[in-house]
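**Q** structure of the sequence below:
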Amino acid sequence: MAGTKLPAETYLPLWLRALREEIGLWIECTDRTLLVNALYAARKNAGDPRLEALMIFQPREDLIFIAKKAVELDP
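**A** As a prediction, the model looks like this:
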């Protein structure tokens, strides 16, 4: 994913997609800081309490995860 010159709301679908996934989703990026800031702005502006169940992990400079805070996996 490239830079974040788009409005923060552009990134809301990533949060919503992560909600639908079993654990979450990963996103490759070129500027992690800009993307994370845009993602948090989108979540704040959305005002959707369901999004509070998600968090962002930043394991590498070129990768972030939007994941559920609590997960129950099927056996």
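
**Q** what's the longest helix belonging to the chain packed up against?
**A** Longest helix in the chain by number of residues, with DSSP state H as the criterion: helix 32-46. With contacts taken as 3 or more CB pairs under 8 Å, 6 or more residues apart in numbering; DSSP states H and E, helix 32-46 sits against helix 12-20, strand 54-60, strand 63-68. The C-beta positions use only the backbone N, C-alpha and C, and glycine is treated the same way.

**Q** quick one: which of the ones you listed is nearest Asp48?
**A** When the helices and strands packed on helix 32-46 are compared by CB to CB, helix 12-20 sits nearest Asp48, at 7.9 Å.

**Q** would you point out which residue is most central in this structure?
**A** The residue lying closest to the centre of the chain (CA atoms, centre = their mean) is Ile66, at 4.0 Å.

**Q** so which of the helices and strands packed on helix 32-46 gets nearest Leu34?
**A** strand 63-68 (11.2 Å).

**Q** and the contacts of that closest one?
**A** Residues from elsewhere that reach strand 63-68 (CB atoms under 8 Å, 6 or more residues apart in numbering): 14-15, 18-19, 23-29, 32, 35-36, 39, 53-59.

**Q** ok, 10 Å please
**A** 1, 11, 14-15, 17-19, 21-29, 32, 35-36, 39, 43, 51, 53-59 (CB atoms under 10 Å, 6 or more residues apart in numbering).

**Q** same check on stretch 43-54?
**A** 7-9, 11-12, 14-16, 18-19, 21, 24-25, 39, 42, 56, 65-71.

**Q** that older thread, leaving out the residues flanking it, which one is nearest to the residue nearest to the centre of the chain?
**A** Closest residue to Ile66 apart from its sequence neighbours, by CB to CB, 6 or more residues apart in numbering: Ala18 at 4.0 Å.

**Q** how many residues are close by that neighbour?
**A** 23 (other CB atoms under 10 Å).

**Q** got a list of what it touches?
**A** Contacts for Ala18 were tallied using CB under 10 Å, 6+ apart; they are 24-27, 39, 51, 53-56, 65-68.

**Q** apply 6 Å and report the result again.
**A** Gly24, Leu25, Leu54, Ile66 (CB atoms under 6 Å, 6 or more residues apart in numbering).
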